[in-house]
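Student: Fold the following, please.
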Amino acid sequence: MRTITLEEHFATRAFAEGPARRVVGQGDFLNRLCDLDELRLAEMDEAGIDVQVLSLTAPGTEQLDADDARYWARTTNDELAEAVHRHPDRFAGFAALPMADPAAAADELSRMVETHGFVGAVVNGHIRGRYLDDEFFAPVLGKAEELGVPVYLHPTPPPGPVVEASYTGNFSERVSFALAAAGWGWHIETATHVLRMVLGGVFDRYPRLQVVIGHMGEGLSFMLPRLEEVFGSHEISPPTGLARPVGAYLRENVHYTFSGFNYEPNFTNLLTQVGVERIMFSADHPYQPMTQARQFLESLPLSAPDRRRIAHGNAEALLRLA
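Tutor: As a prediction, the model looks like this:
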């Protein structure tokens with residue numbers, strides 16, 4: 001069975017030693033993150049992963065000023081493009097974008113899709129406190145829709161004032177960081193970002209735009225029935241002014257991947273709420289083990305056709321991968 005994973009990370013050495021130096025660490029982990037040849041391919045082979053869709057690791061370019069964002073997006077994209085060209089049967093690419101300059105981001109997306117065959121873009125959460133429901137980002141969202149490629153919305157910590165208000169308490173700084181990031185804040189922040197896009201009318205303005213989120217839906221599938229009640233059928237529901245019910249956008253404009261959430265109850269909830277055609281495989285390499293992700297995929301109580309859809313079929317359709 002072919003396997004395609006969608007939330008798989010890399011960094012250039014220069015990026016790892018620059019904007020990502022506080023995030024990616026050193027030693028063996030850094031080598032695995034930066035390698036785009038034999039080491040990574042050997043790990044993929046060992047785990048039974050056929051294709052990785054690669055994207056620049058967090059924090060990405062979203063917290064940089066416009067000049068730095070343009071520089072790092074272009075240089076890291078160029079290095080990833082070289083790797084995809086070396087290994088076209090094993091790698092595909094999501095473009096990093098200089099989101100602080102939406103016109104330049106649209107141009108960079110066009111360059112990477114049309115010239116280098118990239119299959120979408122990655123956006124690491126808010127852009128210095130601005131979210132994608134802001135019409136400031138219209139050029140790049142319109143370009144993604146025009147090109148027919150998805151935007152992978154990856155987590156980032158909440159803005160500083162939110163971290164200070166909600167994630168700083170009677171515990172250590174390290175606990176605060178974990179709570180604001182992988183332990184909780186990343187996921188709630190991403191779910192809120194998606195809801196802002198829905199309620200802000202992004203998918204009415206760009207009805208063919210597709211967004212991908214990881215971590216079994218960042219909690220959205222658990223809350224989906226409540227969202228449909230509060231923003232739809234309840235007697236005190238506020239008018240949204242949207243063309244469709246809130247749940248329709250979450251089932252028709254959003255796709256969901258595993259990315260390290262190898263927990264069957266979470267998967268079952270997601271499957272129940274959005275259906276098998278909206279779920280795709282991912283491992284979150286090198287932050288989570290690919291072998292564990294593959295074993296989890298094999299262990300799920302699915303029919304063979306549904307397992308194939310999640311393992312590769314849905315990604316092939318969305319990303320137009322042969």
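Student: helix, strand or coil for the most far-flung residue of the chain relative to its centre?
Tutor: Of all residues in the chain, Glu235 has its C-alpha farthest from the mean position, at 35.0 Å, by C-alpha atoms, centre = their mean. Assigned with DSSP: H, G, I helix; E, B strand; the rest coil, Glu235 falls in the coil class.
Student: all strands of the stretch 201-322 of the chain, in order?
Tutor: Taking DSSP state E, counting those that start in this stretch to define them, one finds strands in the stretch 201-322 of the chain at 211-213, 254-257, 279-280.
Student: Redo these as CSV? Include mean neighbour count.
Tutor: Placement of C-beta: from N, CA and C, glycine included. What follows is the strands of the stretch 201-322 of the chain, written out as CSV (neighbours: other C-beta atoms under 10 Å):
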stretch, mean neighbour count
strand 211-213, 25
strand 254-257, 24
strand 279-280, 24
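Student: Mind putting these into a markdown table with mean pLDDT?
Tutor: Below are the strands of the stretch 201-322 of the chain laid out as a markdown table (pLDDT from 0 to 100):
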| stretch | mean pLDDT |
| --- | --- |
| strand 211-213 | 99 |
| strand 254-257 | 98 |
| strand 279-280 | 98 |
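Student: Looking at the ones you listed, spot the one closest to Thr268.
Tutor: Proximity to Thr268 (C-beta to C-beta) singles out strand 279-280 among the strands of the stretch 201-322 of the chain, at 11.1 Å.
Student: Next, format the strands of the stretch 201-322 of the chain as JSON lines and append distance to Arg13.
Tutor: Below are these laid out as JSON lines (distance: least, C-beta to C-beta, whole Å):
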{"stretch": "strand 211-213", "distance to Arg13": "27"}
{"stretch": "strand 254-257", "distance to Arg13": "27"}
{"stretch": "strand 279-280", "distance to Arg13": "30"}
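Student: Of those, which is nearest Ala96?
Tutor: strand 211-213 (15.2 Å).
Student: What are the contacting residues of stretch 83-91?
Tutor: 10, 36-37, 41, 44, 50-54, 80, 92-93, 116-118 (C-beta atoms under 8 Å, 6 or more residues apart in numbering).
Student: Give me the average confidence score over stretch 76-96.
Tutor: If you average the pLDDT over stretch 76-96, you get 98.
Student: Show me which positions of stretch 220-233 end up buried.
Tutor: The neighbour-count check on stretch 220-233 (16 or more other C-beta atoms under 10 Å) flags Leu220, Ser221, Phe222, Met223, Leu224, Leu227, Glu228, Phe231 as buried.
Student: Equivalent analysis for stretch 155-166, please.
Tutor: For stretch 155-166, by 16+ other C-beta under 10 Å, it's Pro155, Thr156, Pro157, Pro158, Pro159, Val162, Val163.
Student: Between the two ends of it, how far is it?
Tutor: Stretch 155-166 has an end-to-end distance of 17 Å (criterion: C-alpha to C-alpha, to the nearest Å).
Student: and it, how far out from the chain's middle?
Tutor: The chain centroid and the centroid of stretch 155-166 are separated by 19 Å under C-alpha atoms, centre = their mean, to the nearest Å.
Student: Repeat that for stretch 5-13.
Tutor: 11 Å.
Student: Not counting that stretch itself, show me its contacts.
Tutor: 20, 24, 30, 33-34, 36, 49, 51-58, 75-76, 79-80, 83, 152, 154, 212, 214, 257, 259, 280-287, 290, 293, 315.
Student: before we move on, what about stretch 231-241?
Tutor: Counting by C-beta under 8 Å, 6+ apart, Leu199, Gly201, Glu229, Val230, Pro245, Val246, Gly247 sit against stretch 231-241.
Student: what helix or strand does Leu153 sit in?
Tutor: Leu153 is part of strand 151-154 when elements are defined by DSSP states H and E.
Student: Tell me the first helix or strand C-terminal of that strand.
Tutor: helix 160-166.
Student: name the helices or strands packed onto that following helix?
Tutor: helix 173-180, helix 185-199 (3 or more C-beta pairs under 8 Å, 6 or more residues apart in numbering; DSSP states H and E).
Student: For Glu62, which of those helices is the nearest?
Tutor: Of those, nearest to Glu62 by C-beta to C-beta is helix 185-199, at 11.4 Å.
Student: hey, C-alpha coordinates of that closest one in CSV?
Tutor: Extracted in CSV, the C-alpha atoms of helix 185-199 (Å, rounded to 0.1, in the frame of the first residue of the first chain):
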residue,chain,number,x,y,z
GLY,A,185,-2.0,26.4,22.8
TRP,A,186,-0.8,25.4,19.4
HIS,A,187,-3.9,23.3,18.8
ILE,A,188,-6.5,25.7,20.2
GLU,A,189,-4.8,28.6,18.3
THR,A,190,-5.0,26.7,15.0
ALA,A,191,-8.6,25.7,15.6
THR,A,192,-9.5,29.3,16.4
HIS,A,193,-7.7,30.4,13.3
VAL,A,194,-9.8,28.1,11.1
LEU,A,195,-13.0,29.3,12.7
ARG,A,196,-11.9,32.9,12.1
MET,A,197,-11.5,32.0,8.4
VAL,A,198,-15.0,30.4,8.3
LEU,A,199,-16.8,33.1,10.3
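Student: All set now, cheers.
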